[in-house]
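**Student:** Quick one, what's the 3D model for this:
(one chain, ligands or ions: 1)
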Amino acid sequence: MEKIELLEESKRCLKCKNHPCQKSCPIGTRIPEIIDMFQKGEELEAGKILFENNPMSLVCSLICPFEKQCMGSCVRGIKGESVNFPAIENYLMEKYLKETEFQNVSNNKKVAVVGGGPGGLSGAFYLSKKGYDVTVYDDHERMGGMLRYGIPSFRLSKDKVDLLERKAFESGIKFKENITFSEESLKNLKTEKNYHGVLVSTGAWLPKELNIDGVERENVYYGIDYLKDNVDLGSGKKVVVIGAGNVAMDVARTAKRQGNDVLIAYRKKLEFAPATKVEINEAIEDGVKFLTEVTPIRITDKGIILEDNNTKNQFLYECDNVIISVSQKSQFNVENLDGYFYGGDLVTGPETVVKASLTGKESAKLLDDYLARKE
Ligand code: SF4
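**Tutor:** Next up, the predicted model:
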């Protein structure tokens, strides 16, 4: 949307006193206030408030489940269209990040952030603003975690992640790539490298397994690995995706874009799917098919045996590939170690970017409070 259209859109906001939009935002974005500032031309100030409250604001303005959050609660949506706040937020964030130079301040304390995804980066930006010398460790080559390696580019263009990465470097945040920790080496990081504190936000990258016969076959993948490793199935294949969460939708749409015939098999009715309606509709628009109320029984050389949950009849659905995308889990446990704080999907299980940003920021605050008490 052009700025002139955004200003028109903003005029539809009623500046509701009890701001239901803001209450339904997991990170409490001050929506009516931001809209007011935008109308008054205080764009960079509004961008600053957005970023300091939610360092992932740019990404959230593009991929949050708005229908369940701000737009789903907007009073304007009762009789018509909700105010498109995400479009205004996106404009303000692009402008703020591109036009503001971030400062590298120092309080002479150094902290480590393990995990460069949305939770870790949110915490890193918060700590850097407080003056900490922040080093982010990640087992990937670049910053971004799920934003870069889990969410397909057709949903989140990688130049947005590049922009956040640039701002992180500009703030003085350092990045150590391709570093994999074990439970043991993670525990030793603080003392070995003389960090004052460690924020752990390693996400939930391990696929939850499905215990049926045939999962070990070569033509079977786990959804998160399929996305992370950029697996190319080739085109013209018949692909079954098991699961109906957000990752399953991303997997199915990616496989469809590779030129395949894709079916999502889900054990319940579609209305109970964890993915948002918008994501399901987008998958349908892309041509992904759905088969609901079926349970996977086993994978054979011909395809997958499914059981109809109502009739209990089992049948073969012929396919070339099966991608299991039922959920993800964390690699590390949250431990009670002095000076260690935890955030992101590691704490909550697989969640939205905005919730990862919230818990990353909150755990960074706890780390900052802890270090202030130690002085
Ligand atoms: S609920 Fe909608 S109309 Fe009311 S303040 Fe929020 S965005 Fe504006």
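
**Student:** Near the ligand, which residues of the stretch 1-150 of the chain are found?
**Tutor:** By C-beta under 6 Å from any ligand atom, the residues of the stretch 1-150 of the chain that approach the ligand are 13-16, 19-21, 31-32, 74-76, 83, 85. Any C-beta I mention is one placed from the backbone N, CA and C, and that applies to glycine too.

**Student:** Does Glu216 fall in a helix, a strand, or a coil region?
**Tutor:** Under the three-state scheme (DSSP: H, G, I helix; E, B strand; the rest coil), the conformation of Glu216 reads as coil.

**Student:** List the residues that contact whatever residue of the stretch 51-200 of the chain ends up closest to the ligand.
**Tutor:** Using C-beta to the nearest ligand atom, Cys74 is the residue of the stretch 51-200 of the chain that sits closest to the ligand, at 3.4 Å. When contacts are counted by C-beta atoms under 8 Å, 6 or more residues apart in numbering, Cys74 touches 20-21, 82-83, 85.

**Student:** and which of those residues is nearest to Lys158?
**Tutor:** Phe85 (24.2 Å; C-beta to C-beta).

**Student:** Hmm, Glu33 and that closest one touching each other?
**Tutor:** No. Taking C-beta atoms under 8 Å as the contact criterion, Phe85 and Glu33 are not neighbours in contact, 11.5 Å apart.

**Student:** If you count surrounding residues, which of these two has more?
**Tutor:** Summary of the neighbour comparison: Phe85 and Glu33, criterion other C-beta atoms under 10 Å, with Phe85 having more neighbours (26 against 14).

**Student:** and the gap between the more buried one and Gln69?
**Tutor:** From Phe85 across to Gln69, the span is 10 Å (C-beta to C-beta, to the nearest Å).

**Student:** And Lys174, by the same measure?
**Tutor:** With C-beta to C-beta as the criterion, Lys174 and Gln69 are 33 Å apart.

**Student:** For the stretch 1-150 of the chain, which residues score under the pLDDT cut-off?
**Tutor:** Per-residue confidence of the stretch 1-150 of the chain (counting by pLDDT under 70) places no residue in a weak region.

**Student:** rerun at 90
**Tutor:** Low-confidence regions of the stretch 1-150 of the chain, defined by pLDDT under 90, span residues 1, 103-106.

**Student:** Helices of that one, residue ranges please.
**Tutor:** Listed in chain order, the helices of the stretch 1-150 of the chain (DSSP state H, counting those that start in this stretch) span residues 3-10, 20-23, 31-39, 43-53, 57-63, 70-73, 76-79, 85-99, 118-129, 146-149.

**Student:** what helices or strands is the longest one leaning on?
**Tutor:** By that I understand helix 85-99. Helix 85-99 makes packing contacts with helix 3-10, helix 31-39, helix 43-53, helix 57-63, helix 70-73, helix 158-170 when contacts are defined by 3 or more C-beta pairs under 8 Å, 6 or more residues apart in numbering; DSSP states H and E.

**Student:** of all those, which gets the most neighbours per residue?
**Tutor:** Of all these, helix 57-63 carries the top mean neighbour count, a mean of 24, counting by mean count of other C-beta atoms under 10 Å.

**Student:** helix or strand right after the helix or strand Val262 falls within?
**Tutor:** Counting by DSSP states H and E, the element that carries Val262 is strand 261-266. Elements were assigned by DSSP H and E; along the chain past strand 261-266, the next helix or strand is helix 277-286.

**Student:** Please find the angle between the direction vectors of that following helix and strand 261-266.
**Tutor:** Note on geometry: by axes from the mean of the first three to the mean of the last three C-alpha atoms, to 10 degrees, helix 277-286 and strand 261-266 are set 150 degrees apart in direction.

**Student:** Send over helix 277-286 as CSV, restricted to the C-alpha atoms.
**Tutor:** What follows is helix 277-286, C-alpha atoms only, in CSV (Å, rounded to 0.1, in the frame of the first residue of the first chain):
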residue,chain,number,x,y,z
LYS,A,277,-7.6,-20.0,8.4
VAL,A,278,-5.6,-17.7,6.3
GLU,A,279,-2.8,-20.2,5.9
ILE,A,280,-5.2,-23.0,5.1
ASN,A,281,-7.0,-20.8,2.5
GLU,A,282,-3.7,-19.9,0.9
ALA,A,283,-2.7,-23.5,0.7
ILE,A,284,-6.1,-24.3,-0.9
GLU,A,285,-5.6,-21.4,-3.4
ASP,A,286,-2.2,-22.9,-4.2
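
**Student:** what's the next secondary structure element after that helix?
**Tutor:** Moving toward the C-terminus from helix 277-286, the first helix or strand encountered (DSSP H and E) is strand 289-292.

**Student:** Parallel or antiparallel, list what pairs with that following strand.
**Tutor:** Strands that pair with strand 289-292, judged by DSSP bridges, come out as strand 261-266 (parallel).

**Student:** Many thanks, I have nothing further to ask.
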